[in-house]
Structure formats: structure tokens, C-alpha cells
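Asker: kindly generate the corresponding structure for this input.
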Amino acid sequence: MALKFSIEELSNQNRTKLGREIDITLFRLIRFMDLERYLGRGAHGVIYDCGRELGHAVNPKTVEDVVKFCEEYKIGRVEIVNKEPLQIRVYECISCSGLPEVGETLCWFEGGFIAGCLEKILNKKVRAKETHCAGLGDDFCQFEIKIL
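Answerer: A predicted model of the protein is given here:
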């Protein structure tokens, strides 16, 4: 399934006074709604798949394209911290940076996004599993990548 609108169409705005920037609180209010109430226990998977679809739509050619996109759209600061096994770290994550420790990972969307981007770059199926997160008390998010 593709995005309903292209990224270019979604970037268009007619907000002459308010502009295109929004507060992170609005994103988080939408992101952390009680989706399990509506979608059941599979809600995290749906959020992951939405991120994955966005990663495909971005259509990156290189990891550097992913890093630039994440900074431009303020998803977070991305870096590769290990190549074998592949581990990707996100600092200042849009979903969780600054949130309290809750005993679980929170960044299903970002994991799906990273997986989707890597699938486009590598032309292979990819899984991203979050191992570090503000929800676990960490100062960054980290994803272990499995190329399937």
C-alpha cells in the first residue's frame, strides 16, 4: 500500500501566517493515542508498518539520504554505530526523546521507517528491533537490523 499523497503533495501548505512547523507535542498526542483500543494488540505492528511504508515512499538511494531526511524532517539524528551486526542509533527521537522511563520501547514508527528505507536501498526484506529507548531509560534509541 502506498501513501495516499506523495511526499511533495504533503509538503505543500497554505499556511501564510502559521507556516509549516508544528510543536512536537501535537505529533506525540497523535502518536501515543490509545490505538490498542481501536486496533487491538496489533497496534504496534500497524505503527511499524506505517513507518515502513513511509521509508519506501522516501525512496532513499543511500544511508546518507536517510540521515538527511531524518534531520530535515526532524525525526532525529541518525548514525550507524556498528556494521556487524548492523545497529542504527537515533538521537533526539521525535517520538520518545525526553519522555519518562515506562519499561518498554516506544519507537515502533521509527523502527519501521528505518526498515523501509533499508529495504529500498538493499532491495531485501529488513527487520529493525529497538533495543534502547527513552522508554527504557536510555538517552537514545538504538535498532538492531536484520537483513532477511
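Asker: and stretch 86-100, what's buried?
Answerer: Applying a neighbour-count criterion of 16 or more other C-beta atoms under 10 Å, the buried positions in stretch 86-100 are 86-90, 92-97. Yep, even glycine has a C-beta here, placed from its N, CA and C like the rest.
Asker: with stretch 120-130 instead?
Answerer: 120-121, 126-128, 130.
Asker: ok, stretch 56-65 next?
Answerer: Neighbour counts using 16+ other C-beta under 10 Å place 56-58, 60, 63 of stretch 56-65 among the buried residues.
Asker: ok, stretch 74-85 next?
Answerer: 75-76, 78.
Asker: show me what it is in contact with.
Answerer: Residues outside stretch 74-85 that contact it (C-beta atoms under 8 Å, 6 or more residues apart in numbering) are 63, 66-67, 69-71, 86-94, 97, 110, 113-114, 141-142, 144-146.
Asker: tell me where the chain has strands.
Answerer: Using DSSP state E, the strands found in the chain span residues 77-83, 86-91, 126-132, 141-147.
Asker: quick check: which of those strands is nearest to Glu8?
Answerer: For Glu8, the closest of the strands of the chain is strand 77-83, at 22.2 Å, according to C-beta to C-beta.
Asker: gap between the closest one and the chain center?
Answerer: Distance, stretch centre to chain centre, for strand 77-83: 14 Å (C-alpha atoms, centre = their mean, to the nearest Å).
Asker: what sits against Glu130?
Answerer: Per C-beta under 8 Å, 6+ apart, neighbours of Glu130: 105, 107-108, 110-111, 141-143.
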